[in-house]
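Peer 1: Structure for the following, please:
(4 chains)
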Number of protein chains: 2
Amino acid sequence: MELRLADRIAETLEGMILDGTLADGERLDEVQLAERFAVSRTPLREAFQRLALSGLVRQIPRRGVFVRQPGLAELVEMFEVMAELEAVCARLAASRITDDALAALEAANARCLSAVRSEDPDGYFTENERFHAILYRQSGNAFLEKECQALHRRLTPFRRLQLRLRGRMRQSMSEHETIVAALREGDARAAENATRAHVAVQGEKFHHLISSLKSDAV
Amino acid sequence: MELRLADRIAETLEGMILDGTLADGERLDEVQLAERFAVSRTPLREAFQRLALSGLVRQIPRRGVFVRQPGLAELVEMFEVMAELEAVCARLAASRITDDALAALEAANARCLSAVRSEDPDGYFTENERFHAILYRQSGNAFLEKECQALHRRLTPFRRLQLRLRGRMRQSMSEHETIVAALREGDARAAENATRAHVAVQGEKFHHLISSLKSDAV
DNA sequence: ATACAAGTTCTTGTATACAAGATGAATGAC
DNA sequence: GTCATTCATCTTGTATACAAGAACTTGTAT
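Peer 2: Predicted coordinates:
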């Protein structure tokens, strides 16, 4: 027995929702999941609370909990907010970033480049995650950092799909370079705009993914 | 039976934490609160989950839950994020706002004016809430609106304290006018900057409140 | 006297039992 | 034959019972 079952279950369910194992609108049966995880209903219900607060699940009183995948409209809205939040991070970071962090950003982007060359989407994804994590941190605002991480995490599966678009990885890496250059110059406005554009393009081009979603499995 | 007990309890506890009835670091005893609310520990624990996710409470495994009031540094960070989020709302609203909403903003600010004249802090507070709620809505981004509402709500007690500062109500109202003017002109940049400044001043001047906190009761 | 250790008690985490509302089926009326 | 009503069943919401870990107390040794 690790420590709290509810935490482990919440993480597992969250992963299953994010990776699409649990389809939109699907009902999460308490007893069924309870015996599947070999626990009682109690920790499951606590996990449901957490998922509901994160917005991954909708709780209808006396009816049950249902998976709630965001629709296209909501996804566009979420990407818009993500773009603005990251833009704020970049603007603040422009004056607050450390030399070490700048080097780390460049290193992460360099590893992005090798991932592109070796056509390794997973590797690119990982280094891209690191790049953005550094950006959040260098905003110098821990609260902002946490908010960004939360939204970033929630959008993860949809960002991952983006990498399927032809040439997206290389383009994304190039945008990273623009951001780093602006940060190095200390140009807050340029860093802000470059970052907003970098993230917003994901939301704007999201309809491209819809078609690729229909032809491919997740 | 009306609504879920856990919901009612969560709201009650949230109110007690926000209005300072429950002090920072105080432990929330399950059995004690259970008999106080005349319920079992089960709905209480569900309520705790919600409070923990909102950040109002910290849950330490096998130890219990403790009230977690943000410190000064964190409050400043939260106000900074609030300023940026509202600034985004204003920028987006500049092109998306409806005539009706503009009129509603002006009406709310007019009622702010009468509250100032009759020296009615509660009335001012209420109308100020309405003003900001309209701004969030007019961003045209429902997800952003919800995020703003959540953070706004969390900062409520600290914003309320701001009104004690000499002349703050009148100044705040004047800032509202600047925002509305920019929105009416459709000047996104001006609306963004005016709104950011309007909210940021609360965070920047927060140390003023600390001293007033020490001389006055809440 | 102080520090450490063992046992007791108390609190949390989990499981199970119970209650109340919701869903669906079956029966009867029109 | 279709619709409504009632009853049975199922599921959620709540309470209680049980298990395990943490804290406190008490006693002893240095």
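
Peer 1: From here on, just use CA atoms for contacts and neighbour counts.
Peer 2: Noted.

Peer 1: Check the secondary structure at the residue of chain A most remote from its centre for me.
Peer 2: Distance from the C-alpha centroid of chain A peaks at A:Arg62, with 31.9 Å (Cα atoms, centre = their mean). Reduced to three states with DSSP: H, G, I helix; E, B strand; the rest coil, the structure at A:Arg62 is coil.

Peer 1: Can you report phi and psi for it?
Peer 2: Main-chain dihedrals, A:Arg62, degrees, to the nearest 10: phi 60, psi 10.

Peer 1: Check the one 3 residues further on too.
Peer 2: For A:Val65, the backbone dihedrals (degrees, to the nearest 10) come out as phi -110, psi 140.

Peer 1: and it, how far is that from A:Glu175?
Peer 2: 40 Å (Cα to Cα, to the nearest Å).

Peer 1: who has more neighbours, these two?
Peer 2: For the pair A:Val65 and A:Glu175, the greater number of neighbours falls to A:Val65 (22 against 17), based on other Cα atoms under 10 Å in any protein chain shown.

Peer 1: what about the more buried one, distance to A:Ala23?
Peer 2: Noted for A:Val65: a distance of 13 Å to A:Ala23, by Cα to Cα.

Peer 1: Packing partners of the helix or strand that contains A:Asp122?
Peer 2: A:Asp122 belongs to helix A:121-137 when assigned by DSSP states H and E. Helix A:121-137 sits against helix A:72-96, helix A:99-117, helix A:142-162, with contacts defined as 3 or more Cα pairs under 8 Å, 6 or more residues apart in numbering or on different chains; DSSP states H and E.

Peer 1: change it to 10 Å
Peer 2: helix A:72-96, helix A:99-117, helix A:142-162, helix A:168-185 (3 or more Cα pairs under 10 Å, 6 or more residues apart in numbering or on different chains; DSSP states H and E).

Peer 1: Quick one: work out the angle between that helix and helix A:168-185.
Peer 2: Orientation of helix A:121-137 against helix A:168-185 (axes from the mean of the first three to the mean of the last three Cα atoms, to 10 degrees) gives an angle of 30 degrees.

Peer 1: what comes up buried for helix A:121-137?
Peer 2: Neighbour counts over helix A:121-137 (16 or more other Cα atoms under 10 Å in any protein chain shown) mark A:121, A:123-125, A:127-137 as buried.

Peer 1: ditto for stretch A:160-180
Peer 2: Buried residues in stretch A:160-180, counting neighbours by 16+ other Cα under 10 Å, are found at A:161-163, A:169-170, A:172-173, A:175-180.

Peer 1: Any chance of TSV for these, columns distance to A:Val57?
Peer 2: Converted to TSV, the buried residues of stretch A:160-180 look like this (distance: Cα to Cα, whole Å):
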residue	distance to A:Val57
A:Leu161	21
A:Gln162	24
A:Leu163	26
A:Met169	31
A:Arg170	35
A:Ser172	31
A:Met173	34
A:Glu175	34
A:His176	33
A:Glu177	37
A:Thr178	37
A:Ile179	35
A:Val180	37
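
Peer 1: Need those in JSON lines (columns: pLDDT and distance to A:Arg91).
Peer 2: Below are the buried residues of stretch A:160-180 laid out as JSON lines (pLDDT from 0 to 100; distance: Cα to Cα, whole Å):
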{"residue": "A:Leu161", "pLDDT": "81", "distance to A:Arg91": "27"}
{"residue": "A:Gln162", "pLDDT": "81", "distance to A:Arg91": "25"}
{"residue": "A:Leu163", "pLDDT": "82", "distance to A:Arg91": "26"}
{"residue": "A:Met169", "pLDDT": "90", "distance to A:Arg91": "24"}
{"residue": "A:Arg170", "pLDDT": "91", "distance to A:Arg91": "24"}
{"residue": "A:Ser172", "pLDDT": "93", "distance to A:Arg91": "19"}
{"residue": "A:Met173", "pLDDT": "93", "distance to A:Arg91": "19"}
{"residue": "A:Glu175", "pLDDT": "96", "distance to A:Arg91": "15"}
{"residue": "A:His176", "pLDDT": "97", "distance to A:Arg91": "14"}
{"residue": "A:Glu177", "pLDDT": "97", "distance to A:Arg91": "15"}
{"residue": "A:Thr178", "pLDDT": "98", "distance to A:Arg91": "13"}
{"residue": "A:Ile179", "pLDDT": "98", "distance to A:Arg91": "10"}
{"residue": "A:Val180", "pLDDT": "98", "distance to A:Arg91": "12"}
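
Peer 1: Can you pick out the most distant pair from those residues?
Peer 2: A:Leu161 and A:Val180 (24.2 Å; Cα to Cα).

Peer 1: and A:Ala73, how many neighbours?
Peer 2: 11.

Peer 1: what residues are up against it?
Peer 2: Contact analysis of A:Ala73 by Cα atoms under 10 Å, 6 or more residues apart in numbering or on different chains lists A:Gly203, B:Asn141, B:Ala142.

Peer 1: buried set for the helix or strand hosting the first one?
Peer 2: A:Gly203 is located in helix A:188-204, with elements delineated by DSSP H and E. By neighbour count on 16+ other Cα under 10 Å, the buried set for helix A:188-204 is A:188-200, A:202-203.

Peer 1: you'd agree A:Leu161 is up against A:Met169?
Peer 2: No. The criterion here is Cα atoms under 10 Å, and A:Leu161 misses it with A:Met169 at 11.2 Å.

Peer 1: Any idea how far stretch A:64-78 is from the middle of the chain?
Peer 2: 14 Å (Cα atoms, centre = their mean, to the nearest Å).

Peer 1: ugh, wrong one, I meant stretch A:100-110
Peer 2: 20 Å.

Peer 1: Now that stretch: average pLDDT?
Peer 2: The average pLDDT within stretch A:100-110 is 96.

Peer 1: who touches it?
Peer 2: A:93, A:98-99, A:111-113, A:115-116, A:124, A:126-135, A:137-138, A:172-174, A:176-177, A:179-181, A:183-184.
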